[in-house]
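K.L.:
got a sequence here, can you model it:
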Amino acid sequence: MLTMALVSPVSAVSPDVVNIGVATKGKYVVMNARLIDGFTEKIQEAINNGVPMGFTFEIELRKANTIWMDSLVSSNKVRHRIHFDSLKKIYRFSEFGKNLKRNIITRKKARYQRLMLTLKDIPIAPIYKLDPNEKYYVRVKADLETDRFWFPFNYILFFVPFSEFETSWSQTSPLSINPDLVFSKEAKAPQKKEGPVSRDVIRSFNK
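P.N.:
Below you'll find the model as predicted:
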């Protein structure tokens, strides 16, 4: 009966990834997105009790093919982790992925939730890998990471179906690189200093 009581409110939530945007930053194609309905009451309660929580975002850049199956161009797995330090009353946020690493400490609940639910300027592929004559799309899904919890959290969470938290794939409509963007060998070479963020070389829409 206890298990049934816990299952009902959690399974009623339908998390989803929305507002997917694609742009360029320096020599990379980057993406932005937001996870909605990611924090149920049970998840927030667990975090406030000191349970470390994590969202894992699977991100793929695929080339749209008319005859053959769509092909994977590049991917990135981004992990967001949050841990509440009850002694210092602070939230420790971390973000890890390919070409991506940051750690932030905050005391504000609203800020840690915004950090956990937001993907911003996530690198997914070098610009030179994209052909202006081809169509591409970005898709992303998220799930709650629980398999790394240690005792007694792994035992407690056995009774709460957090493992059922997983979104379906969300993707952009077909997008393409602006043909006026110059692809030179310099794009492949390492650069000491990245250029300004450009937001108009790729067209993308929510889907």
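K.L.:
CA atoms only for the longest strand anywhere in the chain, dumped as PDB, please.
P.N.:
Looking across the chain with DSSP state E, the single longest strand is strand 71-85. The C-alpha trace of strand 71-85 is given here as PDB (Å, rounded to 0.1, in the frame of the first residue of the first chain):
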ATOM      1  CA  SER A  71      22.700   9.300 -39.700                       C
ATOM      2  CA  LEU A  72      24.300  10.400 -36.500                       C
ATOM      3  CA  VAL A  73      26.800  13.200 -36.900                       C
ATOM      4  CA  SER A  74      27.700  13.900 -33.300                       C
ATOM      5  CA  SER A  75      26.400  13.500 -29.800                       C
ATOM      6  CA  ASN A  76      27.000  14.800 -26.300                       C
ATOM      7  CA  LYS A  77      25.800  13.400 -22.900                       C
ATOM      8  CA  VAL A  78      25.400  16.100 -20.400                       C
ATOM      9  CA  ARG A  79      25.000  15.300 -16.700                       C
ATOM     10  CA  HIS A  80      23.500  17.800 -14.200                       C
ATOM     11  CA  ARG A  81      24.000  17.000 -10.500                       C
ATOM     12  CA  ILE A  82      22.700  18.700  -7.400                       C
ATOM     13  CA  HIS A  83      23.600  18.000  -3.800                       C
ATOM     14  CA  PHE A  84      22.300  19.900  -0.800                       C
ATOM     15  CA  ASP A  85      24.800  20.500   2.000                       C
END
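K.L.:
and the gap between Gln44 and Lys109?
P.N.:
Look at Gln44 and Lys109: by C-beta to C-beta, to the nearest Å, they are 8 Å apart. From N, CA and C alone the C-beta is placed, and that goes for glycine too.
K.L.:
still on that earlier bit, which strands and helices sit next to the longest strand of the chain?
P.N.:
Here strand 71-85 touches helix 41-48, strand 53-63, strand 90-97, helix 109-117, strand 118-126, strand 136-145, going by 3 or more C-beta pairs under 8 Å, 6 or more residues apart in numbering; DSSP states H and E.
K.L.:
worst average pLDDT in those?
P.N.:
The minimum mean pLDDT among the helices and strands packed on strand 71-85 belongs to helix 41-48 (a mean of 86).
K.L.:
now do the same contact list for the spatially most central residue of the chain.
P.N.:
With distances taken as C-alpha atoms, centre = their mean, the residue of the chain nearest its centroid is Phe57 (3.8 Å). Taking C-beta atoms under 8 Å, 6 or more residues apart in numbering, we find Phe57 in contact with Val17, Ala33, Leu35, Lys77, Val78, Arg79, His80, Leu119, Ile122, Val140, Lys141, Ala142.
K.L.:
if any of those residues are buried, give me the PyMOL selection for them.
P.N.:
Buried members of those, defined by 16 or more other C-beta atoms under 10 Å, are picked up in PyMOL with:
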select buried, resi 17+33+35+78+80+119+122+140+141+142
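K.L.:
looking at the contacts of Phe57, which one is closest to Lys25?
P.N.:
Comparing these against Lys25 with C-beta to C-beta places Ile122 closest, at 9.8 Å.
K.L.:
roughly how far apart are that closest one and Lys101?
P.N.:
Distance of Ile122 to Lys101, given as C-beta to C-beta: 12 Å.
K.L.:
what's the answer for Ser75, then?
P.N.:
Distance from Ser75 to Lys101, by C-beta to C-beta: 17 Å.
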